[in-house]
Each structure stands twice: as C-alpha cells, then as structure tokens.
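Engineer: Generate coordinates for the sequence data below:
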Amino acid sequence: MAGGGPTSQPRKGGSAKKTGWKIAAGLVVVVVLAGSCVAGALSGDDGLAVTPPTATERTDTVPILQRAADVQGICYGWTLQAGTDVVSDGSNLGEGVGVEGDPRCPRWVRVVADVTYVSESSESNDYAYVTVEGSADLDQSHLLAVDAGLERFGLTEDAFLDEPGWAVTRAAVSLPLLLAEAGGAVPVPVAATNPTGPPPPSLPAAGNDLWRDRWGYLLAAGGMLLLTVLLVTVGLVQRRRERREAVPPPATAGAASAGTPEDR
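Structural biologist: Numbers count the residues shown, from 1 in each chain. Next up, the predicted model:
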C-alpha cells in the first residue's frame, strides 16, 4: 500500500494537463469561428459597393458628349457617387474630368446619381437619388424637364440601383436630346455614317419582265401544247389501225371473184 501512494499523484497531474489542453483547444475553436464570422461579414460588404461604369461605357460616352458640346455650346457630364465618395465622373472633356467649375465650360449640364446600398439586417431600403444640375445661366425649368424626361429612357430608380454605372452614362448621353426638347438648346443633327471600303458590286442586269411576270401562263400554255400533240398522235395511230382492219386480205378477195364449179 505504501508504494501505491506516490504513483497516484502523477495521474492527477496528467488529468489536469489534459483538461488544460481541452480548454486551450476550445478557445482556439472559438477564435477560429469568430474570425470566420468577421471575415464573412467583411466579404458581405462587397455587395454594398456601387459599381462604376465599365471602360467601354466610358469610352463610348465621351465622344457622344463631345459632339453635342461642339454643336450646342454646352458641356455635358456625369457624376456617380456613394454618399460623399465619388465613384465615377466624366464629361465631354474626358474621363475623370468634371464640368462644374472648369473654365472651359462656362455653360454646363450634368447628371448626378447618389446610390446607397444598406445591409440586409437594416430596416432601411436601398435608394438612388438622381438630379440634373446646370450652370446658373440655364433656365431651371429646362433642367427640371430634363430630369423628368430620364424615365422615358428607362432610367428609373430601379435602373440606377441595378446597374448604376450603365445608368449614369446612359443618362449623360440623354441630356443633349432632352435639353433640346425642353427648348434649352438647339437639336444635335444625326451623324451620317460614311461607308468605308470598296463599294459593293453592282447587281446583275434584270431579266425580261415578260418572262418573270407571266411564267405561270407560259408554263400552262406549254403544258396544253404538249397535251394537244399527244392527243393528235394517239388519234392518228388509232385511225391507221382502223383502216388496216377495214381492208380485206388479198386471198379472200380472189376466191370470192372466181366462185365454185357449181356456180359456173
């Protein structure tokens, strides 16, 4: 019994170490799970970012605004922002160049879209606030008419929420047309496309209209002619056959003329 006492103490210490390792492992699991939740929350914020216009949308918009500015003498631009952060801006002066306050644009009009996304846990809804602004010398009633006319092109609040980059550039190219309709600027003439490359080959000479317009009648007449020839041929063959059957054989005719000895 005396020897059993010393061996019992290490066993108690071993169980205490095992308990400590279990607690440490549990803490590690809790930390990992918490880090995963934080990472998931941070990654979920990416869906709240306002997407700017694509490179193609920007490069296609600037030339259209340049042509309108040259004709109407008014600079046109766009600004897309998320709260106080500017996501994208541009104008007929180029990408990333605004029109407000630029000395090259004493008269200007721009569309400003403020798009805000809220998290799913919030009770608020996503919203897009779109306005049309212009220089002080422009009639405000014309700007209000341009702002109201954006919905005709499908540029509603839902469009700015779904595709903010596309919507703001689409609204920018619509400004010259809407301002001209409101009476604030002259209309921009439609650009005539100049064909490039060699001219297309000339078409072959047209055929005679007599054959093209009356081919059905000619086909029917040809069919009737063939049928007539066939009927005439059949009639001639039948008539020859009847004539051959009507003529008696020569031997029968000679015997009939000679008669019998009793008749003599």
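Engineer: ranges for the helices of this structure?
Structural biologist: 4-44, 55-72, 140-149, 157-162, 164-181, 209-213, 215-246, 250-258 (DSSP state H).
Engineer: Just the buried residues of the third one, please?
Structural biologist: What that stands for is helix 140-149. The neighbour-count check on helix 140-149 (16 or more other Cβ atoms under 10 Å) flags 142-143, 145-147, 149 as buried. Backbone N, C-alpha and C define where each C-beta goes, glycine included.
Engineer: Which of the helices of the chain comes out lowest on mean pLDDT?
Structural biologist: Lowest mean pLDDT within the helices of the chain: helix 4-44, a mean of 48.
Engineer: Check whether residue 69 really touches residue 99, as I assumed.
Structural biologist: No. Contact status for residue 69 versus residue 99: not in contact, 9.2 Å apart, counting by Cβ atoms under 8 Å.
Engineer: And those two? Which one has more around it.
Structural biologist: Neighbours of residue 69 and residue 99, each counted by other Cβ atoms under 10 Å, are more numerous for residue 99; the result is 27 against 24.
Engineer: Spit out the contact partners of that one.
Structural biologist: 75-77, 91-93, 105, 108-110 (Cβ atoms under 8 Å, 6 or more residues apart in numbering).
Engineer: still on that earlier bit, which one of the buried residues of helix 140-149 is nearest residue 124?
Structural biologist: Proximity of the buried residues of helix 140-149 to residue 124 (Cβ to Cβ) peaks at residue 147, which lies at 24.1 Å.
Engineer: That closest one: what's it in contact with?
Structural biologist: With contact set as Cβ under 8 Å, 6+ apart, residue 147 has these partners: 130-132.
Engineer: Could you tell me which residues touch both of residue 69 and residue 99?
Structural biologist: Joint contacts of residue 69 and residue 99 (Cβ under 8 Å, 6+ apart) are 75-76, 92.
Engineer: For those residues, give me TSV that also has pLDDT.
Structural biologist: Conversion of the shared contacts of residue 69 and residue 99 to TSV gives the following (pLDDT from 0 to 100):
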residue	pLDDT
75	97
76	97
92	97
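Engineer: Which single one of the residues you listed is nearest to residue 155?
Structural biologist: Of the shared contacts of residue 69 and residue 99, the one sitting nearest to residue 155 (Cβ to Cβ) turns out to be residue 76, at 14.9 Å.
Engineer: re the thing from before, so which of the shared contacts of residue 69 and residue 99 wins on neighbours?
Structural biologist: Neighbour counts for the shared contacts of residue 69 and residue 99, by other Cβ under 10 Å, peak at residue 76, which reaches 30 neighbours.
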